[in-house]
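Student: Below is the structure, and that's it, no one-letter string:
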């Protein structure tokens with residue numbers, strides 16, 4: 001089974017960089033029997049990765065990925081990557097020119113400490129040396145005692161990117177400049193018009209790159225589409241979504257719109273602009289596949305100080321490097337159900353199961369890390385206390401679906417031990433899965449839970465940010481005492497709840513309600529960038545129709 005991933009926009013690429021780092025931290029090297037056991041070797045990496053050859057006939061293993069961003073957003077990352085070819089300055093003698101010549105060479109961007117350490121491991125001369133040294137190199141990079149605080153050193157998503165990409169993976173939009181305030185790529189309509197921009201033919205380029213990866217697949221099952229909600233990339237993602245629905249109609253499509261928890265400036269135009277962009281993007285994306293927005297913002301309309309507080313996590317909401325790490329961790333865990341080696345589900349089946357009753361808008365909730373230090377237990381409140389990663393999902397009053405599917409994933413726990421220590425009330429149950437699903441059903445009113453358990457925890461080695469509170473131990477436990485000042489959390493347990501229940505209904509209802517109150521006459525920027533009043537009315541109507549699907553008949 002194969003899945004192609006698309007990332008549209010700066011913040012989605014921040015999330016993607018962490019996501020691909022997590023995937024590569026799961027790679028196992030060597031012949032350690034413990035690593036080869038099913039308890040630890042849980043991920044089928046062929047679902048997201050492809051094998052290829054460089055010009056030197058060296059085997060590569062890279063993501064099936066198309067990542068789109070603006071000009072000037074890559075930092076030190078070359079657009080074509082450096083895995084398949086190195087960029088070099090041509091020799092003067094090789095130029096077909098008899099006149100005077102002058103070489104102008106732009107100095108490369110300054111690398112931070114983490115990237116410098118990566119560069120130090122890249123001078124490997126032969127394939128044999130690669131085989132002999134790859135395990136040692138990774139241990140040096142991920143496991144060395146040297147640690148970094150990259151909070152002040154991350155200006156681009158490539159500043160902490162470990163993974164290597166294929167030359168067709170990164171697509172730079174030349175029509176807009178990164179962080180250009182005089183010609184910003186800030187509205188939904190700009191993304192739609194960019195699709196057919198004759199200057200660069202972005203739509204054709206995206207289509208060609210998707211086809212390149214799709215034709216390599218023996219069994220293409222579907223797509224992951226990550227996209228920024230708060231900018232013009234929402235409009236571009238809408239076009240991509242419709243392309244996939246037309247050209248790959250039998251394949252599953254999971255769309256994950258993302259946005260930072262804060263905005264650079266809290267004023268009328270930026271706050272209403274984010275609300276308008278979210279409305280137009282969500283209303284368009286829900287026409288195809290399953291839409292699962294993710295953000296640490298507490299509300300669709302941004303308000304100063306309104307972001308999610310996570311127990312045992314101390315993140316800076318103004319740093320995309322921090323907030324995107326949380327979203328990537330959750331995304332990795334929730335999608336394990338169709339990326340795991342054993343009892344692997346199909347992405348189409350997952351999407352269809354969650355979208356029953358035309359509820360193709362879902363919520364994700366998470367607990368990171370799991371805390372069993374007090375009276376919390378799987379029999380008491382573990383399943384009822386995760387934090388929602390969906391804006392405006394807290395007001396579930398009057399939204400009581402008759403029943404709703406919930407896909408629960410728990411990692412970093414030994415299910416056999418949990419099952420053996422169950423109370424007498426559950427002694428008649430025959431398996432750990434039955435026991436945990438019974439506990440979840442009791443805690444989640446109206447839920448039809450399905451649970452998946454994995455022993456291996458989420459690895460949070462460098463360059464994962466230092467966002468865990470001092471009370472979290474190196475191996476992710478809550479011990480009631482602070483870990484050492486030079487100790488970093490290397491792994492954590494994690495619970496995700498992926499559902500189309502009251503939280504999703506509350507969120508889409510609130511988005512539709514707020515959008516209906518928005519006065520387009522006070523937003524000339526929205527109208528000037530191509531959105532018409534009829535388009536807006538239809539978008540709000542689609543959200544209101546979707547919200548009705550979450551009400552109890």
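Tutor: It's in. Just so you know, these numbers come straight off a predicted model, no measurement behind them.
Student: Show me which helix or strand of this protein is least confident by mean pLDDT.
Tutor: One helix or strand of the chain scores below all others by mean pLDDT, DSSP states H and E: helix 127-143, with a mean of 46.
Student: Could you check the pLDDT of the residue nearest to residue 2 when sequence neighbours are not counted?
Tutor: Leaving aside its chain neighbours, residue 2 sits nearest to residue 217 (4.0 Å; criterion: C-beta to C-beta, 6 or more residues apart in numbering). All C-beta atoms are positioned from the backbone trio N, CA, C, and that covers glycine. On the pLDDT scale, residue 217 is placed at 93.
Student: what's near enough to touch residue 217?
Tutor: When contacts are counted by C-beta atoms under 8 Å, 6 or more residues apart in numbering, residue 217 touches 2, 4, 64.
Student: can you redo those residues as JSON lines with distance to residue 16 and pLDDT?
Tutor: Formatted as JSON lines, the contacts of residue 217 follow (distance: C-beta to C-beta, whole Å; pLDDT from 0 to 100):
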{"residue": "2", "distance to residue 16": "18", "pLDDT": "95"}
{"residue": "4", "distance to residue 16": "13", "pLDDT": "98"}
{"residue": "64", "distance to residue 16": "12", "pLDDT": "97"}
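Student: List the ones among these that fall in strands.
Tutor: Judged by DSSP state E, those include 2, 4 as members of strands.
Student: Kindly indicate which of the contacts of residue 217 lies nearest residue 182.
Tutor: Looking at these and their distance to residue 182, the nearest is residue 4, at 35.1 Å (C-beta to C-beta).
Student: Just the buried residues of the contacts of residue 217.
Tutor: 2, 4, 64 (16 or more other C-beta atoms under 10 Å).
Student: can you give me the strands in the stretch 251-400 of the chain?
Tutor: Listed in chain order, the strands of the stretch 251-400 of the chain (DSSP state E, counting those that start in this stretch) span 252-258, 290-291, 363-367, 387-388.
Student: Also the stretch 51-200 of the chain?
Tutor: Under DSSP E, counting those that start in this stretch, the stretch 51-200 of the chain gives strands at 59-63, 65-71, 170-177.
Student: could I get the ones you listed as TSV with mean pLDDT, distance to residue 315 and mean neighbour count?
Tutor: Output for the strands of the stretch 51-200 of the chain, formatted as TSV (pLDDT from 0 to 100; distance: least, C-beta to C-beta, whole Å; neighbours: other C-beta atoms under 10 Å):
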stretch	mean pLDDT	distance to residue 315	mean neighbour count
strand 59-63	91	26	17
strand 65-71	97	23	24
strand 170-177	94	27	18
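Student: now for these, which one comes closest to residue 489?
Tutor: The closest of these to residue 489 is strand 59-63. By C-beta to C-beta, the value is 25.5 Å.
Student: by contact count, what packs against that closest one?
Tutor: Here strand 59-63 touches strand 49-53, going by 3 or more C-beta pairs under 8 Å, 6 or more residues apart in numbering; DSSP states H and E.
Student: tell me the mean pLDDT for the strand it packs on?
Tutor: Strand 49-53 carries an average pLDDT of 90.
Student: mind checking how far that strand is from the chain centre?
Tutor: Chain-centre distance of strand 49-53: 22 Å, with C-alpha atoms, centre = their mean, to the nearest Å.
Student: Note down every partner strand of that strand and its orientation.
Tutor: strand 59-63 (antiparallel) (DSSP bridges).
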